[in-house]
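Asker: how would this look folded up:
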Amino acid sequence: MSKGKQDDEHSLVQQHALKRLDKVEEEQQKPYKKKKEPFNFRSILMGALLIIVLAMMLFSYFL
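Answerer: Predicted structure coming up:
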């Protein structure tokens with residue numbers, strides 16, 4: 001009788017493990033979503049620097 005009870009306990013543990021595995025696999029199948037940063041200070045600074053350099057090049061070309 002104790003053998004049957006142990007089998008039931010093992011099957012419950014196995015069922016729980018399989019449910020958890022299914023849940024983990026579902027979470028990993030979700031597409032990765034990158035968090036959007038509102039404004040990246042470095043990209044704004046680099047853009048401003050590019051505009052300044054281009055303006056200086058055009059200014060020196062026309063003089």
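
Asker: who does the helix ranked longest in the chain touch, helix- and strand-wise?
Answerer: Identified as the longest helix of the chain according to DSSP state H is helix 2-29. The helices and strands touching helix 2-29, judged by 3 or more Cβ pairs under 8 Å, 6 or more residues apart in numbering; DSSP states H and E, number zero. C-beta here means a position set from N, CA and C on the backbone, and glycine is covered the same way.

Asker: and it, how far from the chain's centre?
Answerer: 28 Å (Cα atoms, centre = their mean, to the nearest Å).

Asker: Alpha carbons of whichever helix or strand comes after that helix, in PDB - could you do that?
Answerer: Using DSSP states H and E, the helix or strand that follows helix 2-29 in sequence is helix 41-62. These are the backbone C-alpha positions of helix 41-62, laid out as PDB (Å, rounded to 0.1, in the frame of the first residue of the first chain):
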ATOM      1  CA  PHE A  41      22.200  62.200 -23.700                       C
ATOM      2  CA  ARG A  42      25.200  60.700 -25.600                       C
ATOM      3  CA  SER A  43      23.200  60.500 -28.900                       C
ATOM      4  CA  ILE A  44      22.000  64.100 -28.500                       C
ATOM      5  CA  LEU A  45      25.600  65.300 -27.800                       C
ATOM      6  CA  MET A  46      27.000  63.400 -30.800                       C
ATOM      7  CA  GLY A  47      24.200  64.800 -33.100                       C
ATOM      8  CA  ALA A  48      25.000  68.300 -32.000                       C
ATOM      9  CA  LEU A  49      28.700  67.800 -32.500                       C
ATOM     10  CA  LEU A  50      28.000  66.400 -36.000                       C
ATOM     11  CA  ILE A  51      25.900  69.500 -36.900                       C
ATOM     12  CA  ILE A  52      28.600  71.800 -35.600                       C
ATOM     13  CA  VAL A  53      31.300  70.000 -37.600                       C
ATOM     14  CA  LEU A  54      29.200  70.000 -40.800                       C
ATOM     15  CA  ALA A  55      28.400  73.700 -40.300                       C
ATOM     16  CA  MET A  56      32.100  74.600 -39.900                       C
ATOM     17  CA  MET A  57      33.000  72.600 -43.100                       C
ATOM     18  CA  LEU A  58      30.300  74.400 -45.100                       C
ATOM     19  CA  PHE A  59      31.200  77.700 -43.700                       C
ATOM     20  CA  SER A  60      34.900  77.300 -44.600                       C
ATOM     21  CA  TYR A  61      34.000  76.000 -48.100                       C
ATOM     22  CA  PHE A  62      32.000  79.100 -49.000                       C
END
